[in-house]
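1. coords please:
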Amino acid sequence: MKQYRRALTIAGSDPSGGAGLQADLKTFSALGVYGTTAIVAVVDENTQGVYGVHPVPDTFVAGQIRSVLDDIGTDAIKIGMLHSSSLIRTVLSTLQEYPDVRNIVLDPVMVATSGDPLLQPEAIGTLRDELIPYARVITPNLPEASLLLGSDITNPDQLSDAARALSALYPETHVSVMLKAGHFALGDGGSQSKGCLTDVFYNAESGHVTTLTSQLIDTRNTHGTGCTLSSAIAAYLALGAPLDTAVTNAKAYLATALAAGAGYDIGGGHGPLHHFHALWK
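-> Down below sits the predicted model:
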(Lines give C-alpha, C1' and ligand atoms only; values in the text may rest on other atoms or scores of the structure.)
Protein backbone atom coordinates (compact mmCIF):
# COMPACT_ATOMS: atom_id res chain seq x y z
CA MET A 1 0.00 0.00 0.00
CA LYS A 2 1.09 3.56 -0.71
CA GLN A 3 1.78 5.96 2.15
CA TYR A 4 1.01 9.67 2.36
CA ARG A 5 3.61 12.14 3.52
CA ARG A 6 2.13 13.59 6.69
CA ALA A 7 2.33 16.85 8.64
CA LEU A 8 0.73 17.78 11.95
CA THR A 9 -0.19 21.35 12.88
CA ILE A 10 -0.49 22.31 16.54
CA ALA A 11 -2.33 25.64 16.36
CA GLY A 12 -5.48 27.63 16.95
CA SER A 13 -8.41 27.87 14.57
CA ASP A 14 -9.42 30.75 12.30
CA PRO A 15 -13.08 30.56 11.26
CA SER A 16 -12.42 32.98 8.38
CA GLY A 17 -10.11 30.34 6.88
CA GLY A 18 -7.10 32.56 6.21
CA ALA A 19 -4.76 31.82 9.11
CA GLY A 20 -4.22 29.32 11.92
CA LEU A 21 -4.75 25.64 11.39
CA GLN A 22 -7.04 26.28 8.40
CA ALA A 23 -4.17 27.99 6.55
CA ASP A 24 -1.85 25.19 7.62
CA LEU A 25 -4.16 22.49 6.29
CA LYS A 26 -4.64 24.36 3.01
CA THR A 27 -0.88 24.69 2.63
CA PHE A 28 -0.24 21.04 3.42
CA SER A 29 -2.89 19.98 0.90
CA ALA A 30 -1.69 22.35 -1.81
CA LEU A 31 1.82 20.93 -1.50
CA GLY A 32 0.76 17.28 -1.55
CA VAL A 33 0.97 16.46 2.15
CA TYR A 34 -1.69 14.81 4.33
CA GLY A 35 -2.50 17.21 7.17
CA THR A 36 -3.58 16.47 10.73
CA THR A 37 -4.33 18.84 13.60
CA ALA A 38 -4.15 19.38 17.32
CA ILE A 39 -6.33 22.39 18.15
CA VAL A 40 -5.04 24.56 21.01
CA ALA A 41 -7.76 27.24 20.91
CA VAL A 42 -11.01 28.10 19.16
CA VAL A 43 -10.75 31.69 17.98
CA ASP A 44 -13.50 34.18 17.15
CA GLU A 45 -11.83 35.95 14.23
CA ASN A 46 -12.32 37.30 10.73
CA THR A 47 -10.37 39.43 8.25
CA GLN A 48 -10.86 42.53 10.40
CA GLY A 49 -9.77 41.35 13.81
CA VAL A 50 -9.79 38.88 16.69
CA TYR A 51 -12.78 39.12 19.02
CA GLY A 52 -12.27 36.22 21.39
CA VAL A 53 -10.20 33.15 22.19
CA HIS A 54 -11.50 29.98 23.83
CA PRO A 55 -8.51 27.88 24.96
CA VAL A 56 -8.65 24.10 24.75
CA PRO A 57 -7.54 22.46 28.02
CA ASP A 58 -3.88 21.46 28.04
CA THR A 59 -4.61 17.80 28.70
CA PHE A 60 -6.98 17.71 25.73
CA VAL A 61 -4.31 19.23 23.47
CA ALA A 62 -1.89 16.53 24.62
CA GLY A 63 -4.52 13.90 23.91
CA GLN A 64 -4.97 15.14 20.35
CA ILE A 65 -1.23 15.03 19.72
CA ARG A 66 -0.96 11.49 21.07
CA SER A 67 -4.01 10.33 19.12
CA VAL A 68 -2.48 11.54 15.86
CA LEU A 69 1.07 10.36 16.49
CA ASP A 70 0.11 6.97 17.95
CA ASP A 71 -2.14 6.13 15.02
CA ILE A 72 -1.16 8.08 11.90
CA GLY A 73 2.29 9.33 12.78
CA THR A 74 3.88 12.33 11.09
CA ASP A 75 6.86 13.36 8.98
CA ALA A 76 6.89 16.97 10.22
CA ILE A 77 5.19 19.23 12.75
CA LYS A 78 4.29 22.91 12.55
CA ILE A 79 3.62 24.72 15.85
CA GLY A 80 1.75 28.02 15.93
CA MET A 81 0.81 30.31 18.80
CA LEU A 82 0.69 28.68 22.23
CA HIS A 83 -1.04 31.02 24.66
CA SER A 84 0.37 30.04 28.06
CA SER A 85 3.41 28.62 29.81
CA SER A 86 1.48 25.55 30.90
CA LEU A 87 0.40 24.81 27.31
CA ILE A 88 3.94 25.33 26.00
CA ARG A 89 5.27 22.85 28.57
CA THR A 90 2.47 20.39 27.83
CA VAL A 91 3.19 20.43 24.09
CA LEU A 92 6.92 20.04 24.71
CA SER A 93 6.59 17.15 27.15
CA THR A 94 4.14 15.39 24.84
CA LEU A 95 6.39 15.73 21.80
CA GLN A 96 9.32 14.44 23.84
CA GLU A 97 7.42 11.14 24.07
CA TYR A 98 8.10 10.79 20.31
CA PRO A 99 11.87 11.41 19.94
CA ASP A 100 11.91 10.22 16.32
CA VAL A 101 9.80 13.22 15.27
CA ARG A 102 12.39 15.94 14.70
CA ASN A 103 11.17 18.00 11.74
CA ILE A 104 9.59 20.59 14.00
CA VAL A 105 8.92 24.06 12.58
CA LEU A 106 7.98 26.63 15.22
CA ASP A 107 6.39 29.97 14.38
CA PRO A 108 7.13 31.85 17.64
CA VAL A 109 4.01 34.02 17.59
CA MET A 110 4.53 36.57 20.36
CA VAL A 111 3.70 39.97 18.88
CA ALA A 112 0.59 41.02 16.96
CA THR A 113 0.82 42.94 13.70
CA SER A 114 -0.25 46.01 15.70
CA GLY A 115 2.81 45.55 17.91
CA ASP A 116 0.80 44.40 20.92
CA PRO A 117 2.26 41.47 22.88
CA LEU A 118 0.29 38.22 22.60
CA LEU A 119 1.96 36.38 25.47
CA GLN A 120 2.71 37.28 29.06
CA PRO A 121 6.42 37.73 29.91
CA GLU A 122 6.50 34.37 31.70
CA ALA A 123 5.14 32.58 28.63
CA ILE A 124 7.63 34.35 26.37
CA GLY A 125 10.44 33.10 28.58
CA THR A 126 9.05 29.57 28.54
CA LEU A 127 8.81 29.63 24.76
CA ARG A 128 12.32 31.03 24.39
CA ASP A 129 14.06 28.84 26.93
CA GLU A 130 12.18 25.54 26.74
CA LEU A 131 10.31 25.01 23.46
CA ILE A 132 12.47 26.81 20.89
CA PRO A 133 15.53 24.65 21.69
CA TYR A 134 13.46 21.61 20.68
CA ALA A 135 12.60 22.98 17.24
CA ARG A 136 14.55 22.35 14.05
CA VAL A 137 13.52 25.67 12.50
CA ILE A 138 11.97 28.85 13.91
CA THR A 139 10.34 31.56 11.77
CA PRO A 140 10.26 34.83 13.76
CA ASN A 141 9.32 38.20 12.33
CA LEU A 142 11.37 41.26 13.26
CA PRO A 143 9.54 42.22 16.50
CA GLU A 144 9.68 38.61 17.69
CA ALA A 145 13.37 38.28 16.82
CA SER A 146 14.09 41.56 18.59
CA LEU A 147 12.24 40.33 21.67
CA LEU A 148 14.19 37.07 21.70
CA LEU A 149 17.52 38.85 21.25
CA GLY A 150 16.79 41.67 23.66
CA SER A 151 17.77 44.28 21.07
CA ASP A 152 16.02 45.94 18.14
CA ILE A 153 16.67 45.04 14.51
CA THR A 154 16.31 48.36 12.69
CA ASN A 155 18.16 47.88 9.40
CA PRO A 156 18.11 45.18 6.70
CA ASP A 157 21.90 44.97 6.94
CA GLN A 158 21.48 43.47 10.43
CA LEU A 159 19.44 40.48 9.29
CA SER A 160 22.21 37.95 8.69
CA ASP A 161 23.95 38.71 11.98
CA ALA A 162 20.63 38.68 13.83
CA ALA A 163 19.70 35.26 12.43
CA ARG A 164 23.11 33.87 13.48
CA ALA A 165 22.77 35.47 16.91
CA LEU A 166 19.34 33.92 17.41
CA SER A 167 20.66 30.49 16.55
CA ALA A 168 23.66 31.05 18.84
CA LEU A 169 21.25 31.21 21.78
CA TYR A 170 20.83 27.43 21.26
CA PRO A 171 24.34 26.07 20.63
CA GLU A 172 23.53 22.55 21.79
CA THR A 173 20.51 21.95 19.55
CA HIS A 174 21.48 23.92 16.42
CA VAL A 175 18.15 25.68 15.83
CA SER A 176 17.93 27.16 12.33
CA VAL A 177 16.34 30.58 11.85
CA MET A 178 14.15 31.90 9.05
CA LEU A 179 14.08 35.63 9.81
CA LYS A 180 11.15 37.37 8.12
CA ALA A 181 11.76 40.99 7.09
CA GLY A 182 8.18 41.93 6.23
CA HIS A 183 8.05 44.67 8.88
CA PHE A 184 10.60 46.72 6.99
CA ALA A 185 8.65 49.36 5.09
CA LEU A 186 9.60 50.78 1.72
CA GLY A 187 12.34 53.34 2.07
CA ASP A 188 14.02 51.69 5.05
CA GLY A 189 17.04 50.97 2.89
CA GLY A 190 18.53 47.90 1.32
CA SER A 191 16.53 45.86 -1.17
CA GLN A 192 13.26 46.92 0.46
CA SER A 193 13.61 50.38 -1.09
CA LYS A 194 13.76 48.84 -4.56
CA GLY A 195 10.38 47.15 -4.39
CA CYS A 196 11.76 43.85 -3.12
CA LEU A 197 11.68 42.08 0.21
CA THR A 198 14.68 40.09 1.41
CA ASP A 199 14.34 37.52 4.18
CA VAL A 200 17.32 35.66 5.63
CA PHE A 201 17.67 31.97 6.47
CA TYR A 202 20.47 30.74 8.69
CA ASN A 203 20.97 26.98 8.47
CA ALA A 204 22.48 26.05 11.82
CA GLU A 205 23.22 22.54 10.58
CA SER A 206 25.55 23.77 7.83
CA GLY A 207 26.46 27.25 9.08
CA HIS A 208 25.23 28.69 5.77
CA VAL A 209 23.20 31.90 5.28
CA THR A 210 20.74 32.18 2.39
CA THR A 211 19.11 35.45 1.36
CA LEU A 212 15.63 35.01 -0.11
CA THR A 213 14.36 37.91 -2.19
CA SER A 214 10.88 38.35 -3.62
CA GLN A 215 8.92 41.20 -5.15
CA LEU A 216 6.78 43.25 -2.79
CA ILE A 217 3.13 42.68 -3.66
CA ASP A 218 0.70 45.59 -3.50
CA THR A 219 -2.13 43.81 -1.70
CA ARG A 220 -4.16 43.99 1.49
CA ASN A 221 -4.61 40.20 1.37
CA THR A 222 -1.84 39.25 3.78
CA HIS A 223 -3.83 37.40 6.44
CA GLY A 224 -2.04 34.20 7.39
CA THR A 225 1.33 34.83 5.72
CA GLY A 226 3.31 33.68 8.76
CA CYS A 227 1.20 30.57 9.23
CA THR A 228 1.52 29.72 5.56
CA LEU A 229 5.29 30.11 5.45
CA SER A 230 5.96 27.94 8.48
CA SER A 231 3.51 25.25 7.38
CA ALA A 232 5.03 25.25 3.88
CA ILE A 233 8.48 24.66 5.37
CA ALA A 234 7.02 21.78 7.39
CA ALA A 235 5.33 20.37 4.28
CA TYR A 236 8.52 20.38 2.24
CA LEU A 237 10.43 18.77 5.11
CA ALA A 238 7.71 16.12 5.28
CA LEU A 239 8.26 15.50 1.57
CA GLY A 240 11.92 14.80 2.28
CA ALA A 241 13.48 18.04 1.03
CA PRO A 242 16.82 19.17 2.48
CA LEU A 243 16.50 22.06 4.91
CA ASP A 244 17.74 24.80 2.54
CA THR A 245 15.48 23.51 -0.24
CA ALA A 246 12.47 23.34 2.05
CA VAL A 247 12.88 26.96 3.11
CA THR A 248 13.59 28.24 -0.41
CA ASN A 249 10.59 26.39 -1.85
CA ALA A 250 8.35 27.58 0.99
CA LYS A 251 9.32 31.20 0.39
CA ALA A 252 8.58 30.79 -3.34
CA TYR A 253 5.19 29.19 -2.60
CA LEU A 254 4.28 32.04 -0.25
CA ALA A 255 5.26 34.71 -2.77
CA THR A 256 3.17 33.07 -5.49
CA ALA A 257 0.18 32.61 -3.17
CA LEU A 258 0.38 36.30 -2.20
CA ALA A 259 0.52 37.42 -5.82
CA ALA A 260 -2.30 35.10 -6.88
CA GLY A 261 -4.54 36.23 -4.03
CA ALA A 262 -4.01 39.95 -4.56
CA GLY A 263 -6.85 40.25 -7.07
CA TYR A 264 -9.54 38.73 -4.87
CA ASP A 265 -11.98 40.48 -2.54
CA ILE A 266 -12.77 38.42 0.56
CA GLY A 267 -13.91 40.17 3.72
CA GLY A 268 -13.61 43.79 4.73
CA GLY A 269 -10.09 43.65 6.14
CA HIS A 270 -6.93 41.75 5.35
CA GLY A 271 -8.03 38.87 3.13
CA PRO A 272 -6.33 35.50 2.68
CA LEU A 273 -3.67 34.27 0.30
CA HIS A 274 -4.60 32.00 -2.59
CA HIS A 275 -3.26 28.71 -1.24
CA PHE A 276 -4.58 26.70 -4.17
CA HIS A 277 -3.37 29.00 -6.94
CA ALA A 278 -1.87 26.04 -8.83
CA LEU A 279 -5.20 24.17 -8.86
CA TRP A 280 -7.98 26.71 -9.43
CA LYS A 281 -8.69 30.38 -10.05
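2. Not counting its own residues, what contacts the longest helix seen in the chain?
-> Using DSSP state H, we find that the single longest helix of the chain is helix 243-261. Residues outside helix 243-261 that contact it (CB atoms under 8 Å, 6 or more residues apart in numbering): 27, 30-31, 136-137, 176, 178, 199, 201, 203, 205-206, 208, 210, 212, 214-215, 217, 219, 221-222, 225, 228-229, 232-233, 235-237, 241, 271-275, 277, 281. The way it works is simple: take the backbone N, C-alpha and C, and place the C-beta from them, glycine included.
3. So which bits of that helix are buried?
-> Neighbour-count burial for helix 243-261, counted by 16 or more other CB atoms under 10 Å, picks out 243, 246-251, 253-261.
4. If any of the contacts of helix 243-261 are buried, put those into a PyMOL selection.
-> A single PyMOL command selects the buried members of those (16+ other CB under 10 Å):
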select buried, resi 27+30+31+136+137+176+178+199+201+203+210+212+214+217+219+221+222+225+228+229+232+233+235+236+237+241+271+272+273+274+275+277
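5. among the contacts of helix 243-261, which are in strands?
-> Within these, residues falling in strands by DSSP state E are 137, 176, 178, 199, 201, 203, 208, 210, 212, 214, 215.
6. Mind listing the residues bridging to the third one?
-> With DSSP bridges applied, the residues forming beta bridges to residue 178 are residue 201.
7. pretty sure it is touching residue 233, no?
-> Yes: Residue 178 lies in contact with residue 233 (CB atoms under 8 Å); the separation is 7.0 Å.
8. which element is residue 166 on?
-> helix 159-168 (DSSP states H and E).
9. How about residues contacting that helix?
-> With CB under 8 Å, 6+ apart, helix 159-168 has contacts from 138, 140, 145, 148-149, 153, 174-179, 181, 198-202, 204, 209, 211.
10. Where does pLDDT dip in the protein?
-> 111-117, 183-194 (pLDDT under 70).
11. Mind doing that once more with 50?
-> 185-193 (pLDDT under 50).
12. any chance you could map the helices in it?
-> Counting by DSSP H, the helices of the chain are 20-30, 58-71, 85-95, 121-126, 142-149, 159-168, 225-238, 243-261.
13. Show me what the shortest one is packed against.
-> Translated: helix 121-126. On a contact count with 3 or more CB pairs under 8 Å, 6 or more residues apart in numbering; DSSP states H and E, helix 121-126 meets helix 85-95.
14. give me the beta-bridge partners of the closest residue to residue 68 other than its chain neighbours?
-> Leaving aside its sequence neighbours, residue 68 sits nearest to residue 36 (CB to CB, 6 or more residues apart in numbering; 4.7 Å). Taking DSSP bridges as the rule, residue 36 bridges to residue 8.
15. ok, residue 36 - contacts?
-> So residue 36 contacts 6, 7, 8, 9, 68, 72, 74 (CB under 8 Å, 6+ apart).
16. returning to what we had before: list the residues that contact both of residue 178 and residue 233?
-> Here residue 178 and residue 233 have 137, 139, 247 as joint contacts, going by CB under 8 Å, 6+ apart.
17. CSV for the residues you listed, including distance to residue 57?
-> Output for the shared contacts of residue 178 and residue 233, formatted as CSV (distance: CB to CB, whole Å):
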residue, distance to residue 57
137, 28
139, 27
247, 34
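18. for the residues you listed, which one is nearest residue 40?
-> Proximity of the shared contacts of residue 178 and residue 233 to residue 40 was ranked by CB to CB; the top entry is residue 139 with 17.4 Å.
19. What is the burial count for the closest one?
-> By the measure other CB atoms under 10 Å, the count of residues near residue 139 is 29.
20. from what I can see it touches residue 104, true?
-> No: using CB under 8 Å as the test, residue 139 is too far from residue 104 to be in contact (11.6 Å).
21. For stretch 154-164, measure first residue to last.
-> Start-to-end span of stretch 154-164 (CA to CA, to the nearest Å) is 16 Å.
22. Next, the buried residues of that stretch.
-> Quick answer for stretch 154-164 (16+ other CB under 10 Å): 156, 158, 159, 160, 162, 163, 164.
23. and which of those residues is nearest to residue 80?
-> residue 163 (20.7 Å).
24. could you measure that closest one against residue 177, distance?
-> Using CB to CB, to the nearest Å, we find residue 163 at a distance of 4 Å from residue 177.
25. Residue 235 now?
-> 19 Å.
26. mind listing what the spatially closest residue to residue 18 that is not a sequence neighbour touches?
-> The shortest distance from residue 18 to any non-neighbouring residue, by CB to CB, 6+ apart, is to residue 272 (3.3 Å). Residue 272 is in contact with 16, 17, 18, 19, 23, 47, 221, 223, 224, 261, 266, counting by CB under 8 Å, 6+ apart.
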